[in-house]
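1. sequence? don't have it. structure:
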């Protein structure tokens with residue numbers, strides 16, 4: 001029996017973390033560099049408690065890293081490939097939606 005999790009189990013856990021639209025928004029907001037919780041609250045227009053909860057989960061799973069500077073905690077993406085993965089999935093979604101639109105247009109013509 002394997003004691004360690006398989007790569008597929010780990011990948012599924014990561015996908016679960018990224019299944020939240022708010023977490024994907026957080027990743028998008030952090031594309032340009034680190035931000036404080038307050039800055040993220042303003043960008044996301046979401047209550048601080050909610051943003052903090054998402055940040056904690058994402059940091060715990062290694063998607064984000066944080067650093068303290070005085071009273072502020074700054075969050076950033078731990079690995080730029082996370083941004084690339086989210087961008088790639090967005091492209092795939094765009095292509096799927098385009099294809100569905102084409103099919104719908106053909107069905108409506110018929």
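-> Everything's here; your move. Here the structure is a predicted model, which is why all the values come from computation and not from measurement.

2. tally of neighbours for the closest residue to residue 73 other than its chain neighbours?
-> Sequence neighbours aside, residue 66 is the residue nearest to residue 73 in space, at 5.3 Å (criterion: C-beta to C-beta, 6 or more residues apart in numbering). C-beta here means a position set from N, CA and C on the backbone, and glycine is covered the same way. Using other C-beta atoms under 10 Å, residue 66 is surrounded by 16 other residues.

3. in a helix, residue 66, correct?
-> No. Counting by DSSP: H, G, I helix; E, B strand; the rest coil, residue 66 is not part of a helix but strand.

4. that one against residue 75, yeah?
-> Yes. Between residue 66 and residue 75 there is a contact at 5.1 Å, judged by C-beta atoms under 8 Å.

5. between the two, which contacts overlap?
-> 55, 59 (C-beta atoms under 8 Å, 6 or more residues apart in numbering).

6. tell me which residues touch the residue nearest to residue 73, please.
-> Counting by C-beta under 8 Å, 6+ apart, residue 66 has contacts 55, 59, 73, 74, 75, 76.

7. quick one: mean pLDDT over the host helix or strand of the fourth one.
-> Same thing as residue 74. According to DSSP states H and E, residue 74 maps onto strand 72-77. Averaged across strand 72-77, pLDDT comes to 96.

8. and it, what does it pack onto?
-> strand 35-36, helix 37-44, strand 64-69 (3 or more C-beta pairs under 8 Å, 6 or more residues apart in numbering; DSSP states H and E).
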